[in-house]
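S.K.: sequence first, predicted coordinates after that:
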Amino acid sequence: MLEVRNLRAGYDDSQVLFGIDLDISAGQVVTLLGRNGMGKTTTVWSIMGDLRSSGSIRFEGREINRCTSYQVCQAGIALVPEGRRIFPNLTVRENLVVSAANRRKAAAPWTFERVLEMFPSLGHRLDNFGNQLSGGEQQMLAVGRALMTNPTLLILDEATEGLAPKICAEIWDCLEQLKALGQSILVIDKNIAHITRIADYHYVLRKGCIVWKGTSSELLSAPTIQKEYLGI
Ligand SMILES: Nc1ncnc2c1ncn2[C@@H]1O[C@H](COP(=O)(O)OP(=O)(O)OP(=O)(O)O)[C@@H](O)[C@H]1O
Ligand SMILES: [Mg+2]
């Protein structure tokens, strides 16, 4: 579904990614792991068309590198960004509806009601503004907003960073439910216990290069990789 080859990107004069190769098959949950500043968000921005990059990014057989972020969204990739980036001056309802304006056709489209079924607590906050929500509510809203575009691939950059354990559990539950529905997911997170439970495959980044890749059981039985590259 997603094939990234020899992806190189950076900011101004500093190169950050030095030839990333990454594959996601339909229905898979794949992670991008690594310590701070290793290039995870830069990889995601490159895929989303928010950052100029060289190399190939093929999505469902079509080259999408050099597409605008709008075109990438239309192609079927949605992002839950690091820091959530909820629209602060729109209500919960408006935050959800606004992304539905860009929605793609889908066999089982996401609706307002389905998002509220997934995250019932948002239902009590529909008329609250984005900046009145807790971090957990904002993250649920960011996931809901992404789902409203009916993505084929959902990307979460720091899925549970800074959230209380109860909220983290809700987000992981949500991702499990989405996986059961066949949703393909690329997730960045630092919680190895949760991430190895849900993910099929992992890529570890160090200084803009993939230094390790493997399954959850391979990662769990590789303490040196965890220590050296993830700081666990
Ligand atoms: N807008 C920017 N301008 C210049 N350099 C940047 C910019 N954003 C990130 N960088 C640099 O690019 C490198 C990779 O950053 P990136 O945000 O991709 O890492 P990350 O793996 O997502 O880290 P974290 O775990 O902290 O989110 C870092 O050295 C960072 O300082
Ligand atoms: Mg990041």
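M.R.: Arrived safely. Computed from a predicted structure; not experimentally measured. Ligands and ions are numbered 1, 2, ... in the order given.
S.K.: drop to CA atoms for contacts and neighbour counts, all remaining ones
M.R.: Will do.
S.K.: which intervals of the protein have sub-threshold pLDDT?
M.R.: 101-102 (pLDDT under 70).
S.K.: one more time with 80
M.R.: 99-104, 232 (pLDDT under 80).
S.K.: any idea which helix is longest in it?
M.R.: The longest helix of the chain (DSSP state H) is helix 165-180.
S.K.: and it, how far from the chain's centre?
M.R.: 13 Å (Cα atoms, centre = their mean, to the nearest Å).
S.K.: near ligand 1, anything from the helix or strand following that helix?
M.R.: Next along the chain after helix 165-180, taking DSSP states H and E as the criterion, comes strand 184-188. No. Strand 184-188 stays clear of ligand 1 (Cα under 6 Å from any ligand atom), getting no nearer than 8.6 Å.
S.K.: list the helices and strands strand 184-188 packs on?
M.R.: strand 29-33, strand 153-157 (3 or more Cα pairs under 8 Å, 6 or more residues apart in numbering; DSSP states H and E).
S.K.: tilt between it and helix 165-180?
M.R.: 150 degrees (axes from the mean of the first three to the mean of the last three Cα atoms, to 10 degrees).
S.K.: that older thread, then the longest helix of the chain to CSV, C-alphas only?
M.R.: Taking C-alpha atoms only, helix 165-180 is exported to CSV below (Å, rounded to 0.1, in the frame of the first residue of the first chain):
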residue,chain,number,x,y,z
PRO,A,165,-2.7,6.4,31.6
LYS,A,166,-6.5,6.1,31.3
ILE,A,167,-6.6,8.2,28.2
CYS,A,168,-3.7,6.3,26.7
ALA,A,169,-5.6,3.1,27.2
GLU,A,170,-8.6,4.6,25.3
ILE,A,171,-6.4,5.6,22.4
TRP,A,172,-4.8,2.1,22.2
ASP,A,173,-8.3,0.6,22.4
CYS,A,174,-9.4,2.8,19.6
LEU,A,175,-6.4,1.7,17.5
GLU,A,176,-7.2,-1.9,18.2
GLN,A,177,-10.7,-1.4,17.1
LEU,A,178,-9.5,0.3,13.9
LYS,A,179,-7.1,-2.5,13.2
ALA,A,180,-9.9,-5.0,13.6
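S.K.: quick one, helices of this structure?
M.R.: So, for the chain - with DSSP H - the helices run 40-48, 69-75, 92-100, 112-118, 120-123, 135-147, 165-180, 192-198, 216-220, 223-225.
S.K.: deepest of these, which one?
M.R.: Among these, helix 135-147 has the highest mean neighbour count (mean count of other Cα atoms under 10 Å), at a mean of 24.
S.K.: helices or strands up against that helix?
M.R.: Looks like helix 135-147 contacts strand 77-80, helix 92-100, helix 120-123, helix 165-180 (3+ Cα pairs under 8 Å, 6+ apart).
S.K.: near ligand 1, which residues of the protein are found?
M.R.: So the chain meets ligand 1 at 11, 16, 35-42 (Cα under 6 Å from any ligand atom).
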